[in-house]
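Student: what's the 3D shape of this:
(one chain, ligands or ions: 1)
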Amino acid sequence: MRAMVTEALKRKVEKLREEIEYHNYRYYILDQPEIPDAQYDCMMRELEELEGKYPELRSPNSPTQRVGAPPLESFEIVRHTLPMLSLANAFDENEAKDFDRRVKKILASPGDVAYVAEPKLDGLAVELVYEGGHFIVGATRGDGVNGENITQNLRTLKTLPLQLIRMEIPVPDRLEVRGEVIIKLDKFKELNRKREEAGEAPFANPRNAAAGSVRQLDPKITRRRPLEIYFYGVGEVAGRTFKTHWEILQTFPKWGLRINPHIRRCQNIEEVLDYYREMNEKRENLPYEIDGIVIKVDRLDFQTGLGEIARSPRWALAFKFAPKQETTRIMDIIVQVGRTGALTPVAVMEPVRLGGVEVSRATLHNQDEIDRLDVRVGDTVIVQRAGDVIPDVVQVIPSKRKGTEKKFRMPSECPVCGSEVVKEEVICRCIGLDCPAQLKGRIKHFASKRAMDIEGLGVKLIDQLVARGLVKDVADLYYIKRDELMALERMAEKSAQNIIDALEKSKTKPLGKFLFALGILHVGETTAEDLSRTFPRLDDFFRLSEEDLVKVEGIGPEVSASVVQFFRDKKNRESIQRLKKAGIKLIEPRVKEKGDLAGKTFVFTGTLKSCGRDEARNLVESLGGITASSVSKKVDFMVAGEDPGAKYDKARELGIRVLSEEEFKQMIE
Ligand code: IVH
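Tutor: Below you'll find the model as predicted:
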């Protein structure tokens, strides 16, 4: 019989969760951990074990549950208790001073009014509701009155407390907090790099990336996106009153809610203007994008007195920075073809200096974007750089039109090979199997540092190899002769030999790198690595089904379909055979031959006698298996120890094979 859940046990679990949440805060928010990682892991393990043993103690707000819930069909609507207003804008100092004058006039204040000045973060506004200190609902701003319920996604953010810390001061009965979800610039670039490598469309800017990630129906995708949150305000608060906005902000960190380090209390508008100038300078060096500052009247009674007008509070103002924009003229729109066949329209512009660099090209993303902006060849446009990504066309200046501008339409045939172009949602793709542009893109990707790492195989050389028909497929690279190379432009004996040596050197590679190098649609570096660990032999891939693949953690139906399709394709199969024949040697991730658990998913319940649960999990993973924390149809085996929990019944219901500890041991030995 399982022991009863006593009050003492409940308190113990609660206490553990609070402690873990506190150390999360020290680690992720303050960047000042107080305890070694091992001690943190130990607390997590203890909590996991208790929750495994006593299912009635489980809670969606437990720190063990940041893993991401199952996907939703659509988002529910959440009505905000108090509407989430927007901000009136100011674009220069005079407008900011006007705001101050208006405030003083309405308040009939003879002296200065104090403000809080904050960076205006360029992300996505959200509202979170905490009841009794527990995170219960999170929503987007939506139209200000109704937002979308994104609770499951928000739970995956490590900078968001699932429970408020109550060590220093009590928490309100109900607290609605508001903040901005952002992605830092370096993480954004990394995310886009990975997307491009996987043949996916990159995000236009960090704000789009944050918004797109937060509004994912599958929380597991959100979990893998580098989202962070800063809190800057409240909605309704029950059980606690504040006098000033500054007091609210200073209380947030005590509850574990992260505030931006650059906020400042200013005694008057002059101090605010100083702050604005300072932040405008600092802006370039901040790790995230800000597009201005937000000025807020500090005293809350003053805020109430000021009220709102046209869905914006009279007590706050967004004071925007001059954007890194310029005007220029579009001379032409050309179409680039990537390695996956995706066609991207690119504006060729009269060169302008933007944020210190000269630019002459801007991406127009796709036809939908061209239609939205109504960009035509010959138009005068405003271009802008977000972070240091390729510039964007923000807007057309119609008053500069002469009438000679030409509309642009994406071609129905590939501009490089003439094959048919098909439209997949917003992306146009060339379906030509022998498209030289795709081929060049594939070779470039195959040879790149993170893939096969073929030193010296640059764009110019690739162009020549393709133009002369020496390489029609990546496998051809390994069959090129030294004489053939020497016949190319700018190729002396020595450089030809260097290429031959580099090709030879690249032949031995871990399977993950090779899978990545193949350039399978949606298979980026991490996915390739994950795949290789689960399926350590290249030959396995020719036999895998979509069902086998979706079992791998982090692999969804889209990736699975793409992998299966790739390995089924006759040309791809031949290419891989020729690569093998050329002497490609793949290093398989180390997996024991005996008891090979490749691709099998295990879940544990109850207490194991011979080893800890973590140890058992590691064992399974070291043998190529996968471990899950909850029971679903993806699970192949359940290992049931003593006193199995509710998972056991669910596994039985789903017809999952249940192993005793003995049977499990036999299997792995
Ligand atoms: S306060 C009524 N503070 O700006 C108060 N907003 O146009 C409204 N934002 O949707 C929000 N940083 O997404 C506030 N420090 C900050 C902010 C901020 C960014 C965004 C927020 C909001 C938009 C208002």
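Student: So which residue is smack in the middle of this protein?
Tutor: For the chain, Arg225 is the residue whose C-alpha lies nearest the centre (C-alpha atoms, centre = their mean; 2.3 Å).
Student: so where do the strands sit in the stretch 101-250 of the chain?
Tutor: 115-121, 124-131, 134-140, 146-148, 174-183, 227-238 (DSSP state E, counting those that start in this stretch).
Student: Can you add mean pLDDT and give the ones you listed back as JSON lines?
Tutor: Below are the strands of the stretch 101-250 of the chain laid out as JSON lines (pLDDT from 0 to 100):
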{"stretch": "strand 115-121", "mean pLDDT": "98"}
{"stretch": "strand 124-131", "mean pLDDT": "97"}
{"stretch": "strand 134-140", "mean pLDDT": "96"}
{"stretch": "strand 146-148", "mean pLDDT": "93"}
{"stretch": "strand 174-183", "mean pLDDT": "98"}
{"stretch": "strand 227-238", "mean pLDDT": "97"}
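Student: re earlier: which residues touch the residue nearest to the centre of the chain?
Tutor: By C-beta atoms under 8 Å, 6 or more residues apart in numbering, the contact list for Arg225 reads 183, 191, 209, 213, 216. From N, CA and C alone the C-beta is placed, and that goes for glycine too.
Student: picking that back up, want to throw the strands of the stretch 101-250 of the chain into a markdown table with distance to the ligand?
Tutor: Listed next are the strands of the stretch 101-250 of the chain as a markdown table, based on distance: least, C-beta to the nearest ligand atom, whole Å:
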| stretch | distance to the ligand |
| --- | --- |
| strand 115-121 | 4 |
| strand 124-131 | 3 |
| strand 134-140 | 10 |
| strand 146-148 | 11 |
| strand 174-183 | 5 |
| strand 227-238 | 4 |
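Student: Nearest to Lys551 among those would be which one?
Tutor: strand 227-238 (26.2 Å; C-beta to C-beta).
Student: Can you pull the residues of the protein lying near the ligand?
Tutor: Listed as neighbours of the ligand in the chain under the rule C-beta under 6 Å from any ligand atom: 85-87, 118, 120-121, 125, 141, 180, 232-233, 294, 313, 316, 318.
Student: And the pLDDT for the spatially most distant residue from the centre of the chain?
Tutor: The C-alpha centroid of the chain is most remote from Pro110, which lies 49.5 Å away (C-alpha atoms, centre = their mean). You'll see Pro110 listed with a pLDDT of 88.
Student: Can you pull the phi/psi pair for it?
Tutor: phi -70, psi -30 (degrees, to the nearest 10).
Student: and if you look at Leu317?
Tutor: As for Leu317, its main-chain torsions (degrees, to the nearest 10) stand at phi -150, psi 140.
Student: so where is the stretch 301-450 of the chain shaky, pLDDT-wise?
Tutor: By pLDDT under 70, the low-scoring segments of the stretch 301-450 of the chain are 355-356, 386-389.
Student: wait, what's in contact with the nearest residue to Pro557 once chain neighbours are set aside?
Tutor: With sequence-adjacent residues excluded and distances taken as C-beta to C-beta, 6 or more residues apart in numbering, Pro557 is closest to Val550, at 6.1 Å. Contacts for Val550 (C-beta under 8 Å, 6+ apart) come out as 556-557, 560, 634.
Student: ok now stretch 294-308, how far from the chain's centre?
Tutor: From the chain centre to the centre of stretch 294-308 is a distance of 35 Å (C-alpha atoms, centre = their mean, to the nearest Å).
Student: cool, and stretch 131-149?
Tutor: For stretch 131-149, the distance to the chain centre is 21 Å (C-alpha atoms, centre = their mean).
Student: Residues contacting that stretch from elsewhere in the structure, which ones?
Tutor: 59, 61, 75-80, 83-86, 124-130, 150-151, 153-155, 160-164, 166, 171, 173-175, 214-215, 255, 311.
Student: Whichever of the residues you listed end up buried, select them in PyMOL.
Tutor: PyMOL command restricting the contacts of stretch 131-149 to the buried ones, with burial defined by 16 or more other C-beta atoms under 10 Å:
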select buried, resi 59+61+75+78+80+84+124+125+126+127+128+129+130+150+151+153+154+155+160+161+162+163+164+166+171+174+175+214+255
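Student: you'd agree Cys428 is in a helix?
Tutor: No. With DSSP: H, G, I helix; E, B strand; the rest coil as the criterion, Cys428 is strand rather than part of a helix.
Student: What number of residues are in the vicinity of Asp31?
Tutor: For Asp31, the neighbour count with other C-beta atoms under 10 Å is 7.
Student: same deal with Ala451?
Tutor: Ala451 has 23 nearby residues by other C-beta under 10 Å.
Student: I'd assumed Lys513 was in contact with it.
Tutor: Yes. Because the distance of 6.0 Å satisfies C-beta atoms under 8 Å, Ala451 is recorded as touching Lys513.
Student: Check the gap between Pro63 and Thr607 for me.
Tutor: Distance, Pro63 to Thr607, using C-beta to C-beta, to the nearest Å: 21 Å.
Student: quick one, which of the two is more surrounded?
Tutor: Each of Pro63 and Thr607 has its neighbours counted (other C-beta under 10 Å); Pro63 has more, 23 against 15.
Student: where's the nearest residue to the more buried one once chain neighbours are set aside relative to Leu154, distance?
Tutor: Excluding its sequence neighbours, the residue lying closest to Pro63 (C-beta to C-beta, 6+ apart) is Ile20, at 4.6 Å. Distance from Ile20 to Leu154, counting by C-beta to C-beta: 18 Å.
Student: again, but for Arg17
Tutor: When Arg17 is compared with Leu154 (using C-beta to C-beta), they lie 17 Å apart.
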